[in-house]
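Participant: Whatever this is, show me its structure:
(one chain, ligands or ions: 1)
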Amino acid sequence: MKEAVLVAENLSAGYGQLVIQRELNFSIRQGEVFVVMGGSGCGKSTLLRHLIGLQAPLAGRMLFRGDDFWAHSSEERALLQQHFGILYQNVALWGAMTLRENICLPLETWRPELSRLERHELASLKLALVGLAGTDHLYPAELSGGMRKRAGLARALALDPQVLFFDEPSAGLDPLSSMALDELILQLRDSLGASIVLVTHELPSIYRVADTCLFLDNKTRTQIALGSLQELLDHGPEQVQRFLRRGNSFAAGGHA
Ligand SMILES: Nc1ncnc2c1ncn2[C@@H]1O[C@H](COP(=O)(O)OP(=O)(O)OP(=O)(O)O)[C@@H](O)[C@H]1O
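Facilitator: Next comes the predicted model:
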């Protein structure tokens, strides 16, 4: 079995005194797509904020490559966070900058040893990796929604992250663009060997990309299922099976 990159150990997630999810235990392994799912408001995005190092757990630990992430100083954590690439729901590219300039921003901060030309070459490479070769000089407003997501992904890839986080990547995309983005996620998993953490409630996406699934329950405020999609379909709690089979013909007979 591949090495665990991120581990949650009895992790409680929330805000101040407000516990949103408690006692979470799971490992995210190298080169897998790990899907966090659950009903609206159960705490998927909150958990993501903890995993990307924006918020300390209320209890428990988060290990990155075996190391207690929050035991480090904020400077050390910032260095570790270079290994995390994040594609936010709203993509958050700088509108006044070209795609090249957007991708070069993290490189200027974290790879000052690179020359301008090397940074430009890297930006072109990342754009090619997401299927946007030759778009270096375009501005975000000149792109379609699906292309903007890809450009955001190219920027998230700038520093060659070990873990890529996606928050509802299909939001606002038509089914074809959404399917293409899923294909790209799988390609990146396979070509880069990166671990991918995906928060989504889009069933078609879950069926296409999930290696491991974590189901967060709204009522009990903790995880009620962890395993492969097939394990959850075969043996998951009834509520999880219902969630995975809701109104979908592709659930019948399991997934490909
Ligand atoms: N900054 C905050 N302070 C306090 N409570 C918050 C904060 N942000 C979110 N919450 C609460 O945390 C709970 C979980 O929200 P969260 O957005 O993590 O759920 P989610 O599963 O991602 O939801 P959805 O699927 O609807 O996006 C909600 O009750 C929300 O109101």
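Participant: residues near R245, how many?
Facilitator: Close neighbours of R245, defined as other Cβ atoms under 10 Å, add up to 14. (Each C-beta comes from the backbone N, C-alpha and C, glycine too.)
Participant: Looking at it now. What's its pLDDT?
Facilitator: The per-residue pLDDT reported for R245 equals 91.
Participant: Tell me which residues touch whichever residue of the stretch 51-200 of the chain sits closest to the ligand, please.
Facilitator: Residue nearest to the ligand within the stretch 51-200 of the chain: V199 (6.5 Å; Cβ to the nearest ligand atom). In this structure, V199 makes contact with 35-37, 44-45, 47-48, 165-168, judged by Cβ atoms under 8 Å, 6 or more residues apart in numbering.
Participant: I'd assumed E202 was in contact with S178.
Facilitator: Yes. Judged on Cβ atoms under 8 Å, S178 makes contact with E202 at a distance of 7.0 Å.
Participant: got any residues that touch both of these two?
Facilitator: S170.
Participant: so how far is L87 from the residue in the stretch 101-250 of the chain that the ligand sits nearest to?
Facilitator: Closest residue of the stretch 101-250 of the chain to the ligand, Cβ to the nearest ligand atom: H201 (6.0 Å). For H201, the distance to L87 equals 17 Å [Cβ to Cβ, to the nearest Å].
Participant: Tell me which of the two has more neighbours.
Facilitator: Neighbours were counted for H201 and for L87 using other Cβ under 10 Å; L87 has more, 24 against 18.
Participant: can you pull the contacts of that one?
Facilitator: By Cβ under 8 Å, 6+ apart, the residues touching L87 are 149, 152-153, 156, 164-167, 169.
Participant: mind redoing it with 10 Å?
Facilitator: Contact analysis of L87 by Cβ atoms under 10 Å, 6 or more residues apart in numbering lists 149-150, 152-157, 164-169, 181, 185, 198.
Participant: now F243
Facilitator: 37-39, 201, 203, 206, 215, 225, 232, 236-237.
Participant: partners of the host helix or strand of V7 in the sheet?
Facilitator: Secondary-structure element containing V7, defined by DSSP states H and E: strand 4-15. Note on strand 4-15: by DSSP bridges, its sheet partners are strand 18-29 (antiparallel), strand 59-64 (antiparallel).
Participant: what's the closest of these to L79?
Facilitator: Among the strands paired with strand 4-15, the nearest to L79 by Cβ to Cβ is strand 59-64 (11.1 Å).
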